[in-house]
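J.: only geometry, no sequence info:
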């Protein structure tokens, strides 16, 4: 069975971001796709310290939720990252988590389907959306889209429930993700995965 991992970057487990993710989870379940939700935003997570431990050991030196989530991501066919908007950007705890999760894991994320979901009261959604999508596009992960940017508006979860277009966007996003996951699985069986080149690493050294 296909599986989607969802990350809630909000410190509120039942807040606005959760309301958007719940809308997607209901569709995934109707589509026969297994889901798992990990609550990130309420955790005490520090940023990367560039120690190099993960390069030799395949896991982060800080043994917290990052290392717990890594095997869940490896087993998943899709990843949804949800975040509230703070000062026109995603939650800082979530960004620290994502930096370490993506950097410390050596397994391939190639062709896992990714989707970012953001919630805000009024503004900053598209800027936050752009930040989260970059984790996918540097990792060879196809990005799922919907019928509008993947965002909901509201100050409370109850407000989000009134954002009918936002909830519709979440449902269409989940359906598109389900389709992409199945299509990629079929193509992988028929054609194999695309080749990935890794030989070039441009750093512009000065030659000294």
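T.: Sure thing, it's come through. Just so it is clear, the structure is predicted and the values come from calculations on it, not from any experiment.
J.: and the longest helix for the chain?
T.: Looking across the chain with DSSP state H, the single longest helix is helix 164-191.
J.: avg pLDDT for it?
T.: Mean pLDDT, helix 164-191: 98.
J.: Over to the most centrally placed residue in the chain: give its phi and psi.
T.: In the chain, the centroid-proximal residue (Cα atoms, centre = their mean) is residue 81; its distance is 3.0 Å. Note on residue 81: its backbone torsions stand at phi -110, psi 120 [degrees, to the nearest 10].
J.: quick one: low-confidence ranges for this protein?
T.: Low-confidence segments of the chain (pLDDT under 70): 207-208.
J.: all helices for this structure, in order.
T.: For the chain, applying DSSP H gives helices covering 16-30, 53-57, 65-75, 92-104, 125-137, 157-162, 164-191.
J.: out of the ones you listed, nearest to residue 38?
T.: helix 65-75 (5.6 Å; Cβ to Cβ). Yep, even glycine has a C-beta here, placed from its N, CA and C like the rest.
J.: just the angle between that closest one and helix 92-104, please?
T.: 60 degrees (axes from the mean of the first three to the mean of the last three Cα atoms, to 10 degrees).
J.: mind listing what's buried in helix 65-75?
T.: For helix 65-75, the buried set under the neighbour-count rule, 16 or more other Cβ atoms under 10 Å, comprises 65, 66, 67, 69, 70, 73.
J.: on contacts alone, who are the packing partners of that helix?
T.: strand 3-8, strand 34-39, helix 92-104 (3 or more Cβ pairs under 8 Å, 6 or more residues apart in numbering; DSSP states H and E).
J.: now the second one, how far from the chain's geometric center?
T.: Right, the one you point to is strand 34-39. Relative to its parent chain, strand 34-39 has a centroid offset of 11 Å by Cα atoms, centre = their mean, to the nearest Å.
J.: name the helices or strands packed onto that strand?
T.: strand 3-8, helix 16-30, helix 65-75.
J.: So which residues make contact with the second one?
T.: Residues outside helix 16-30 that contact it (Cβ atoms under 8 Å, 6 or more residues apart in numbering) are 4, 6, 8-10, 12, 34-35, 37, 41, 80, 82-84, 117-120, 152, 154-157, 159-161, 166-167, 170-171, 173-175, 177-178.
J.: Centre of the chain to that helix, how far?
T.: That offset, for helix 16-30, works out to 14 Å (Cα atoms, centre = their mean).
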